[in-house]
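Undergrad: Predicted structure and sequence below. I'll ask about it afterward.
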Amino acid sequence: MVCAGTMTEHSRVIAALAEVPRARFLPDDVRGRAALDEPLPIGHGATNSQPWTVQFMLELLRVPEGGTVLDVGSGSGWTTALLARLVGPKGSVLGVEIVPELVAFGRANLAGFDFPWARVEQATRGEFGMPASAPFDRILVSADAHELPDELEQQLAVGGRMVVPASGVMWIVDRDHEGWHREPVTGYRFAFVPLV
């Protein structure tokens, strides 16, 4: 039951999607296709994910206001900006991306918004996430990890949650004082570029 004066998770995500338009995170040659509910190429073998999938993942993630969030595979910076909108100015969002050209693209796109609490950094090849900046309240992974990545699970704070695709299945990983709880989201299959 939602209390009066509060927004449901769905409403919060829909508001963020309206305020952070996808078109502003796409290359010029595909910007006209921003309204299509499909992944769009952003170069270097990467895509800007299908809007429905992004919405679905953000709703599963349950991003808290004021939270600390890691965005793995930030690509164009769209999900980093959406997460920044959801955590608000008392939170922080760190997007990490392995492709240097996409780091620059994501940073430039993010600079078009007033989200000084969000940034995009270069990922280190062979290292998932950003262990030096852990722990994180939430981790969003926008690439297929093939297997649930223990290295990212270790970066979750107690009480934290990660949403990650692995072998075409979306997983929710929650951490509490007893350890990690992993639950597949059934009934859906997803296709993502591989996590490297």
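TA: That came through, no problem. The shown structure was predicted, so the numbers you read here are calculated from the model rather than taken from an experiment.

Undergrad: make it CA atoms for all contacts and neighbour counts henceforth
TA: Will do.

Undergrad: Let me see the contact set for the nearest residue to Leu148 once chain neighbours are set aside.
TA: The shortest distance from Leu148 to any non-neighbouring residue, by Cα to Cα, 6 or more residues apart in numbering, is to Ala166 (6.2 Å). Taking Cα atoms under 8 Å, 6 or more residues apart in numbering, we find Ala166 in contact with Asp144, Ala145, His146, Glu147, Leu148.

Undergrad: ranking these by neighbours, who comes first?
TA: Asp144 (22 neighbours; other Cα atoms under 10 Å).

Undergrad: just checking, it touches Met170?
TA: No. Asp144 lies out of contact with Met170 (Cα atoms under 8 Å); the separation is 9.1 Å.

Undergrad: Please enumerate the shared neighbours of these two.
TA: Listed as contacting both Asp144 and Met170 by Cα under 8 Å, 6+ apart are Val164.

Undergrad: Now do His146, the pLDDT please.
TA: Per-residue pLDDT puts His146 at 85.

Undergrad: Need the three-state assignment for Ile42.
TA: Taking DSSP: H, G, I helix; E, B strand; the rest coil as the rule, one finds Ile42 in the strand state.

Undergrad: Use 161 as the first number from now on
TA: That works, and once the first residue is 161, the last one we named lands at Ile202.

Undergrad: For it, the count of nearby residues, please.
TA: 20.

Undergrad: Tell me the confidence at it?
TA: So, for Ile202, pLDDT stands at 97.

Undergrad: so what's it up against?
TA: Ile202 makes contact with Leu186, Pro187, Asn208, Gly235, Ser236 under the criterion Cα under 8 Å, 6+ apart.

Undergrad: swap the cut-off to 7 Å and go again
TA: Ile202 sits next to Leu186, Pro187, Asn208 when contact means Cα atoms under 7 Å, 6 or more residues apart in numbering.
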